[in-house]
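A.B. asks: Next come a sequence and a model predicted from it.
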Amino acid sequence: MPRRIEHVHELEYFAGGVPTGASFKLRLNELREIVLQASDGHRESVGGLAYIGLTAYFESFFKDHFGSMVSIVPSLTTNLAARGHETHIDMALLTKSETDLRHRLGFYLAERYDFGTPQKVNAVFGALLGLSPFSKDEATKYDRVLHDRNLLVHHGGTYTTSYLKAAAKRFGTDEPSRAYWDGLRISPNRFQDDANLVDSIGRKVIKSSHAAISRYVQDNGIVLRGARRKALEYSQWWDE
C-alpha cells in the first residue's frame, strides 16, 4: 500500500501534539499542586512519589525537546555527526506506518540517546546546538536530586551504606549506623525547592535553544516555511 503524504500541522512536531516546554510546565505544576494538597498524614509519602515523577518528567523533557528540534530542523544532525554522536535510526520502523513520518524523525533518533544525567544532557545539547543546559552549580544540585531519587526508587528511601557514604559531605557527618534504620523523607518544602530548580533550568533551555536554532537557520541560509516555521516559534512556549 502506498504511503500517504498528508498535510503536517505545526503541533505534530511535538510529542503528544503539545510544545515541550508547555507540556513539561503543566506536569510540573500538577506535581506542585499534588504535594501542596496532600493531607498531613501523607505529605512525605506523596512528596517522595512526586519527587520520582519530577525526575522522570525532566528526563522526558530533554528527550522530547531534542526530538522536536531535530524534527523541525533535520540538518542539525550534521552537528551531531561532526562530533561523533549517533545519527542512525532504524528505517524499518518507518516502513511499518502508512503515513509519512518524516516530521517525527527527531524522536526516533532521541531513542538512541541517554538523557538521564546532567553530564549526558550537556554532551548531547552541546553537540547539537553548542549549549550547556546545566551550569556546573546546577549539575551539582541536580546530581544530588538524582542521588536521592535513586534511593527512593531502588530502596524505598531507606538509607544504605553506599548512599550514606556518598552523602556524608552533604550531611556533614558519616553515620553508617543509620543504614537500614533511618530513611529519606521528602518534605513539601524540599520538593518545591527542587521543583524550582528544574523549572529554572527548563525555562533557560527553552529560551536558549530557540535562540540557537534561529542563529543556526540564519547562518546556514535555511528557510523554514509553513508548519516548520510555526513549530519553531511554538518551541519557545513556556507558561510562566
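C.D. replies: Looks like it came in fine.
A.B. asks: Gln192 reaches Leu31, doesn't it?
C.D. replies: No: counting by Cβ atoms under 8 Å, Gln192 sits too far from Leu31 to count as a contact (9.8 Å). The way it works is simple: take the backbone N, C-alpha and C, and place the C-beta from them, glycine included.
A.B. asks: which one of the two has more residues nearby?
C.D. replies: Neighbour totals were compared for Gln192 and Leu31, and Leu31 leads with 22 against 16 (other Cβ atoms under 10 Å).
A.B. asks: What distance do you get for the closest residue to Lys230 other than its chain neighbours to Ala168?
C.D. replies: Excluding the flanking residues, the one nearest Lys230 by Cβ to Cβ, 6 or more residues apart in numbering is Glu10, at 3.8 Å. Between Glu10 and Ala168 the distance is 50 Å, computed by Cβ to Cβ, to the nearest Å.
A.B. asks: ok so, going back, could you tell me how many residues sit around the residue nearest to Lys230?
C.D. replies: 20.
A.B. asks: do the same with His88
C.D. replies: 10.
A.B. asks: Give me the pLDDT for the residue nearest to Lys230.
C.D. replies: pLDDT, Glu10: 94.
A.B. asks: And Pro176, by the same measure?
C.D. replies: 76.
A.B. asks: Please look at it and Thr161 and confirm they touch.
C.D. replies: Yes: judged on Cβ under 8 Å, Pro176 makes contact with Thr161 at a distance of 5.4 Å.
A.B. asks: how about His146, what does it touch?
C.D. replies: To be clear, residue 146 is Leu; His isn't right here. Contacts of Leu146 were listed using Cβ atoms under 8 Å, 6 or more residues apart in numbering, and they are Thr55, Gly116, Thr117.
A.B. asks: so the first one is in which element?
C.D. replies: Right, the one you point to is Thr55. Assigned by DSSP states H and E, Thr55 falls within helix 43-72.
A.B. asks: In PDB, list the C-alpha atoms belonging to the host helix or strand of His154.
C.D. replies: In this assignment (DSSP H and E), His154 forms part of helix 136-155. C-alpha atoms of helix 136-155 as PDB (Å, rounded to 0.1, in the frame of the first residue of the first chain):
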ATOM      1  CA  LYS A 136      28.400  23.500  37.000                       C
ATOM      2  CA  ASP A 137      26.400  24.500  40.100                       C
ATOM      3  CA  GLU A 138      23.100  23.300  38.600                       C
ATOM      4  CA  ALA A 139      24.700  20.000  37.600                       C
ATOM      5  CA  THR A 140      25.900  19.500  41.200                       C
ATOM      6  CA  LYS A 141      22.500  20.300  42.600                       C
ATOM      7  CA  TYR A 142      20.700  18.000  40.200                       C
ATOM      8  CA  ASP A 143      23.100  15.200  40.700                       C
ATOM      9  CA  ARG A 144      22.000  15.300  44.400                       C
ATOM     10  CA  VAL A 145      18.400  15.200  43.200                       C
ATOM     11  CA  LEU A 146      19.100  12.100  41.200                       C
ATOM     12  CA  HIS A 147      21.100  10.500  44.000                       C
ATOM     13  CA  ASP A 148      18.000  10.900  46.300                       C
ATOM     14  CA  ARG A 149      15.600   9.800  43.500                       C
ATOM     15  CA  ASN A 150      17.600   6.600  43.000                       C
ATOM     16  CA  LEU A 151      17.400   5.800  46.800                       C
ATOM     17  CA  LEU A 152      13.600   6.300  46.600                       C
ATOM     18  CA  VAL A 153      13.200   4.100  43.500                       C
ATOM     19  CA  HIS A 154      15.600   1.300  44.400                       C
ATOM     20  CA  HIS A 155      15.400   1.200  48.200                       C
END
